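> Quick one: sequence and predicted model below, then my questions.
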Amino acid sequence: MMMMFLLFAIPGLLIGLYAQYKLSTTYKHFLQVGNSRGISGAQAAREILDNAGLGAMPVEEVGGHLSDHYDPVKKALFLSSENYHGRSISAIGVAAHEAGHALQHQASYAFLNLRMMLVPATQFASSAAQFIFLLSFFVASFAFLAKFAVGIFAVIALFQIITLPVEYDASSRAKAQLLKLGLITSQESPGVSKVLGAAALTYVAAMVSAVMTLIHWILIARSSDRD
């Protein structure tokens, strides 16, 4: 069983390691490249939101490294300090991406709405997944545990699959708005694309890992049924 687990875990692990390396190196590189307008990430996000009629939406600073996110409940943007104040290609790219999520929410983007609906179930599934290995020592019927695991990881995999179009669409909206509003030049656009593309790889890695884990438990469940 352990060998099978490793076989299915390795692809996601390798992609995840590459994605983290790619994000770290790309983000750090363009963190040193200033944007031609000399604006901060907060200013870029503010201009995108204002242009979309979201002038009342706050853009706030938050601690941590790459902790930038859009909160659909609070309807607010939170940018890490280096991107809130930073005037680099990385800073305005990440800030615009988070503003892209706000634009998705405003437009009732289907995949974003679906992901929001899945958040409670995914939070439960993520917590339950941590105890599956422990439960294997106490549950008499391993077939039951395997079927339970399939249900848990199916929810996680579905969430990760839905996350991909949400993230890629937010990046697409971000680049379109940055160019439309003149916040970056056409020469700076490839740099923004590289930063956002590297960030998107982390979601691809998470999706691959979740799907491979689900397949692993499906095979175990089928094997248990035959025993």
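Yep, that arrived.

> for the most centrally placed residue in the chain, what are its contacts?
Nearest to the geometric centre of the chain sits Y203, at 5.0 Å (Cα atoms, centre = their mean). Applying Cβ atoms under 8 Å, 6 or more residues apart in numbering, we find Y203 in contact with Q160, T163, L164, E167. (Glycine included, C-beta is placed from N, CA and C.)

> switch the cut-off to 6 Å
Taking Cβ atoms under 6 Å, 6 or more residues apart in numbering as the contact definition, Y203 lies against T163, L164, E167.

> and what of M57?
M57 sits in contact with L49, K75, where contact means Cβ under 6 Å, 6+ apart.

> The chain should start at 22 in everything you say after this.
Yes, from this point I'll number from 22; that puts the last item at M78.

> tell me the pLDDT at it?
The confidence metric pLDDT takes the value 98 at M78.

> Confirm that it sits in a strand.
No: when DSSP: H, G, I helix; E, B strand; the rest coil is applied, M78 is found to be coil, with no strand at that position.

> Assess the claim that R67 and V80 are in contact.
Yes: using Cβ atoms under 6 Å, R67 and V80 qualify as a contacting pair, with a distance of 5.5 Å.

> which stretches of this structure aren't confidently modelled?
Counting by pLDDT under 70, the chain contains low-confidence residues at 22-27, 29, 154-165, 245-248.

> which SS state does the nearest residue to the residue nearest to the centre of the chain once chain neighbours are set aside fall under?
Take Y224 and drop its neighbours on the chain: the residue closest to it by Cβ to Cβ, 6 or more residues apart in numbering is E188, 5.0 Å away. At E188, secondary structure determined by three-state DSSP is helix.

> just the buried members of the contacts of Y224?
T184, E188 (16 or more other Cβ atoms under 10 Å).

> Quick check: Y91 is in a strand.
Yes: if the criterion is three-state DSSP, then Y91 is within a strand.

> residues contacting it?
If you count contacts by Cβ under 6 Å, 6+ apart, Y91 has them with L98, E119, H122, A123.

> The second one contacts L98, correct?
Yes: A contact is recorded between E119 and L98 when judged using Cβ under 6 Å, the distance being 5.1 Å.

> The two - which one has more neighbours?
Remark: of E119 and L98, L98 carries more neighbours, 27 against 24, as counted by other Cβ atoms under 10 Å.

> Now the helix or strand encompassing the more buried one - C-alpha only, CSV.
L98 is located in strand 97-101, with elements delineated by DSSP states H and E. The C-alpha coordinates for strand 97-101 follow below in CSV (Å, rounded to 0.1, in the frame of the first residue of the first chain):
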residue,chain,number,x,y,z
ALA,A,97,-12.1,43.4,0.2
LEU,A,98,-8.6,43.0,-1.3
PHE,A,99,-5.7,42.1,1.0
LEU,A,100,-2.2,42.6,-0.3
SER,A,101,1.1,41.6,1.3
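
> just how off-centre is the next helix-or-strand element following that strand within its chain?
With elements assigned by DSSP H and E, the helix or strand that comes after strand 97-101 is helix 102-106. Mean-position distance between helix 102-106 and its chain equals 19 Å (Cα atoms, centre = their mean, to the nearest Å).

> Touching helix 102-106 from outside, list them.
Contacting residues not belonging to helix 102-106 are listed as S61, G62, A63, E82, D89, A112, V115, A116 [Cβ under 6 Å, 6+ apart].

> quick one: which of those is nearest S147?
Out of the contacts of helix 102-106, the one with the shortest distance to S147 is D89. That distance is 21.1 Å, counting by Cβ to Cβ.
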